[in-house]
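Asks: predicted model, plus sequence, below.
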Amino acid sequence: MAERFLGRRSQKRAEAWKRHFERHRKLHRQLRAAAGDILKSPNFNSTKRYIQHGNMTVNAHSMNVARYSIAISERLGIVCRQEEMIRGALLHDYFLYDWHKKDSQNPHRLHGFYHPGRALANASKEYSLTPREKDIIKKHMWPLTVVPPMCREAWIVTAADKWCSLLETFGLHRGHGAALEILQRPGKDCQEESGG
Ligand SMILES: [Fe+2]
Ligand SMILES: [Fe+2]
C-alpha cells in the first residue's frame with residue numbers, strides 16, 4: 001500500500017519535472033529563434049561577468065526578463081510582436097559595466113536613471129533596432145524615466161523586469177521556476193484546478 005502510494009507520488013513528481021523541462025526547452029527555443037545572434041554575441045555573453053541584483057548576473061536577469069515577457073504575453077493572450085519583444089527584453093540592460101563598482105570617474109550614482117540610455121546606445125551600435133525595441137530599452141525603468149512606454153511589448157517587458165528585479169533583489173529567484181510554471185500552464189489545467 002505504502003509502496004504503491006510512494007510509487008504514485010514519485011511518478012507524479014517525474015511527470016511534473018518532465019513538464020517543467022519541456023516548458024523551459026520551449027522558452028529557450030523561442031529565445032533562440034528570435035535572438036540567436038544576440039545570444040551568441042561576445043558582448044551579450046560578457047554580461048555574465050556583471051552582477052545585476054543579489055547574486056544574479058545581468059545576463060541571467062535579461063534572460064529571465066525575456067522568458068517572463070513571453071510567458072506573460074502568452075498567458076494573458078496579448079497579441080504582440082514576439083520577436084521584437086524578446087530582442088528588446090534581452091537588450092534592456094545592455095549597459096555593459098558593473099554598476100556596483102564605483103570610482104571617481106564612474107560613481108554610477110544615478111545608474112537607475114541613466115542606464116536605459118546607455119543600453120540603447122550600446123545596442124544601437126551593434127543591432128539595427130526597430131522603434132519597438134528602442135521603446136522597450138528606453139522606457140523599461142518607467143516610472144523612473146517619466147515618459148511611459150508607447151507599445152504593449154514595452155509594457156510587458158517593464159512589468160516582467162520589475163517582477164524579476166523584485167525576486168532577485170530579495171534572493172527569491174528560485175521562485176522564478178514556480179511562477180513561470182503557473183504563467184505557462186495551459187488554460188485546461190487551471191480550469192481543472194479551480195473546478196471550472
Ligand atoms: Fe534596467
Ligand atoms: Fe532589468
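Replies: Great, that's in hand. Ligands and ions are numbered 1, 2, ... in the order given.

Asks: now do the same contact list for I72.
Replies: Taking C-beta atoms under 8 Å, 6 or more residues apart in numbering as the contact definition, I72 lies against 78, 156, 159-160, 183. The way it works is simple: take the backbone N, C-alpha and C, and place the C-beta from them, glycine included.

Asks: centroid-nearest residue for this structure?
Replies: By C-alpha atoms, centre = their mean, the mean C-alpha position of the chain lies nearest to V65, the distance being 1.0 Å.

Asks: hmm, back to that, closest to L27 among the contacts of I72?
Replies: The shortest approach to L27 among the contacts of I72 belongs to L183, at 10.5 Å (C-beta to C-beta).

Asks: SS state for the closest one?
Replies: What DSSP: H, G, I helix; E, B strand; the rest coil gives for L183 is helix.

Asks: low-confidence ranges in this structure?
Replies: Low-confidence segments of the chain (pLDDT under 70): 1-2, 6, 104-105, 107, 173-182, 184-196.

Asks: please enumerate the strands of it.
Replies: For the chain, the strands defined by DSSP state E occupy 51-53, 56-57.

Asks: which bits of this protein sit near ligand 2?
Replies: Listed as neighbours of ligand 2 in the chain under the rule C-beta under 5 Å from the ion: 93, 161.

Asks: the chain: helices as residue ranges?
Replies: Along the chain, the segments classed as helices by DSSP state H run 2-40, 42-46, 58-75, 82-91, 111-126, 131-139, 152-169, 175-184, 187-193.

Asks: mind listing what's buried along the shortest one?
Replies: Right, helix 42-46. Neighbour-count burial for helix 42-46 flags F44 (criterion: 16 or more other C-beta atoms under 10 Å).

Asks: quick revisit: of the strands of the chain, flag the one that's most buried.
Replies: Burial among those, expressed as mean neighbours by mean count of other C-beta atoms under 10 Å, is greatest for strand 51-53, which shows a mean of 19.

Asks: what helices and strands are in contact with that strand?
Replies: Contacts defined by 3 or more C-beta pairs under 8 Å, 6 or more residues apart in numbering; DSSP states H and E place strand 51-53 against helix 58-75, helix 152-169.

Asks: for the residue nearest to the centre of the chain, what are its contacts?
Replies: 89-90, 92-93, 157, 160-161, 164.

Asks: for H100, find the nearest of the helices of the chain.
Replies: H100 lies closest, by C-beta to C-beta, to one member of these: helix 111-126, at 9.3 Å.
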